[in-house]
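> pasting the structure only:
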């Protein structure tokens, strides 16, 4: 049975991603900063008829927590087939470039960028044991620098000094990681789940968590001939599904 670790998976898109991977026959480690909330989420999925799920406590911004999670997972499995870096934060709702507090910007980057790097580096050894390892970095369409400089883009006015730059940086890291793993079976991609109604945006998005998670799962299930080093976004590029960086 293939295995998957999803960070920030006790609710919203991460939780639905776990459900859909369970439906595809995966054993899912449901990463949660709060173990109690993670256990409650796992209990709910088990009650729905998906026994192959268990919580894993992990705070992606805490190196000791990440190390402990890696040790715990290593006691459970020698192979990790899929890593989905889903945990992320928005930061303040207003993020002007000239006045946003540096502390807030750093906090967003700690989760959205450095957390992803820290988790990926910690679990890469288990991923290397998989014959078809997949890394999916959950990004945002707002991470496209090309589109942010295009006045005709529908989200052109949605600017921010923390969240958008953090996702652009995550996209850049995805490219570097994919390049480093280019001669291996790894597929490393960034996925924009779309503007989805979740707690993250006070349920302002028009998309459903089911559709959002399906986009993430699609990248996790890529076959050996599937693409790597791509920025998937049905929202930014409905015809091709590939967003400009």
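Nice, I can see it. In this text the structure is predicted, and so the values were computed from the model without any measurement.

> Residue 55 looks like it's in a strand, true?
Yes. Assigned with DSSP: H, G, I helix; E, B strand; the rest coil, residue 55 falls within a strand.

> ok, residue 126 - how many residues close by?
20 (other CB atoms under 10 Å). All C-beta spots, glycine's among them, are computed from the backbone N, C-alpha and C.

> That one against residue 81, yeah?
No. In terms of CB atoms under 8 Å, residue 126 does not count as a neighbour of residue 81; the distance is 9.1 Å.

> who's in contact with residue 233?
141, 144, 191, 192, 194, 241, 242, 243 (CB atoms under 8 Å, 6 or more residues apart in numbering).

> is it possible to export those to a markdown table including pLDDT and neighbour count?
A markdown table is the format used below for the contacts of residue 233 (pLDDT from 0 to 100; neighbours: other CB atoms under 10 Å):
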| residue | pLDDT | neighbour count |
| --- | --- | --- |
| 141 | 97 | 23 |
| 144 | 98 | 25 |
| 191 | 98 | 26 |
| 192 | 98 | 26 |
| 194 | 94 | 20 |
| 241 | 97 | 16 |
| 242 | 98 | 14 |
| 243 | 98 | 23 |
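
> which among the residues you listed gets closest to residue 41?
Here the nearest of these to residue 41, counting by CB to CB, is residue 191; it sits at 20.9 Å.

> surely that closest one meets residue 217?
No. With contact defined as CB under 8 Å, residue 191 does not reach residue 217; the gap is 9.3 Å.

> Just give me the longest helix of the chain.
helix 163-180 (DSSP state H).

> Can you point out the buried residues in that helix?
163-171, 173-175, 177-178 (16 or more other CB atoms under 10 Å).

> just those now: which is nearest residue 75?
Here the nearest of the buried residues of helix 163-180 to residue 75, counting by CB to CB, is residue 177; it sits at 26.1 Å.

> Let me see the contact set for the residue nearest the centre of the chain.
Centroid-nearest residue in the chain, with CA atoms, centre = their mean: residue 86, separated by 2.5 Å. Neighbour list for residue 86: 6, 7, 8, 9, 13, 14, 17, 31, 138, 216 [criterion: CB under 8 Å, 6+ apart].

> which non-adjacent residue is nearest the third one?
In this case it means residue 8. Distances taken as CB to CB, 6 or more residues apart in numbering put residue 87 closest to residue 8, at 3.1 Å, once the chain neighbours are dropped.

> before we move on, what about the first one?
Nearest-residue entry for residue 6: residue 84, 4.4 Å, with adjacent residues in sequence omitted and distances by CB to CB, 6+ apart.

> so the one you found, which of the three states?
Relying on three-state DSSP, one would call residue 84 strand.

> Also residue 78?
Quick answer, by three-state DSSP: residue 78 is coil.

> is it true that it touches residue 129?
Yes. Counting by CB under 8 Å, residue 129 is a contact partner of residue 78 at 6.0 Å.
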